[in-house]
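Asks: Pasting a predicted model and its sequence here:
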Amino acid sequence: MRIISTTLILLFLTSCELFVIGNNRPPKKVIDITQESAIGGAMLFTTELQLENVAGAAQLLSDNMGRYSANRQQEQYYNLARLTRILKERKVTRVIADTITIELHNVKLEFDYVKEFAFSMRHLDSLWYVMDFRQIK
């Protein structure tokens, strides 16, 4: 009888880790998919491509001097269409932002733990635009 009670007490004491009181995980950060932040601008760009809205994604492009003209946007259509096929139905699994200056940020987005893209973002007229994008892996 003593062995059974000792065994039950030991099992009870070792199983205490199964009961967790409270939440140790930090809350998930919500990212607004708007051009009001560099990360939001990159997410908006990729969302437009995933929705096959190449024209909408082209409007988010800029260069060092300012927004792209319609001709420059048209030149990027092939690259954007290719990116549309790559990003189709992939979920963002990691976001990394790096501040270069107040007006320049680098954003890396990972999709489905496999594909990773880097975006150079520029702040123009209180909105963020994509200066450059490339596939890392």
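Replies: Looks like it arrived, so ask away.
Asks: right, and the secondary structure at residue 134 would be what?
Replies: Put simply, residue 134 is strand when judged by DSSP: H, G, I helix; E, B strand; the rest coil.
Asks: Counting neighbours, what do you get for it?
Replies: Residues lying near residue 134 (other Cβ atoms under 10 Å) number 11. For every residue, glycine as well, the C-beta is placed using N, CA and C.
Asks: Test for you: state the pLDDT assigned to it.
Replies: With respect to pLDDT, residue 134 scores 88.
Asks: what separates it from residue 114, distance-wise?
Replies: 16 Å (Cβ to Cβ, to the nearest Å).
Asks: just residue 52 next, same as before
Replies: Taken as Cβ to Cβ, the span from residue 52 to residue 114 is 21 Å.
Asks: So these two - more neighbours on which side?
Replies: Neighbour tally, residue 52 and residue 114, criterion other Cβ under 10 Å: the higher count belongs to residue 52, 14 against 9.
Asks: Quick check: the more buried one touching residue 83?
Replies: No. Using Cβ atoms under 8 Å, residue 52 makes no contact with residue 83, being 10.9 Å away.
Asks: Just give the closest residue to residue 81, not the sequence neighbours.
Replies: In this structure, residue 81 finds its nearest non-sequential neighbour in residue 54, 5.7 Å apart by Cβ to Cβ, 6 or more residues apart in numbering.
Asks: what are the phi and psi values for that neighbour?
Replies: Here is the backbone geometry of residue 54 (degrees, to the nearest 10): phi -60, psi -40.
Asks: Adjust the sequence numbering to begin at 39 for everything that follows.
Replies: That works, and once the first residue is 39, the last one we named lands at residue 92.
Asks: How many neighbouring residues does it have?
Replies: Residue 92 sits with 19 neighbouring residues when counted by other Cβ under 10 Å.
Asks: what's near enough to touch it?
Replies: Contacts for residue 92 (Cβ atoms under 8 Å, 6 or more residues apart in numbering) come out as 86, 115, 118-119, 122.
Asks: Counting only helices, which of those residues make the cut?
Replies: Among the contacts of residue 92, the ones falling in helices (DSSP state H) are 86, 115, 118-119, 122.
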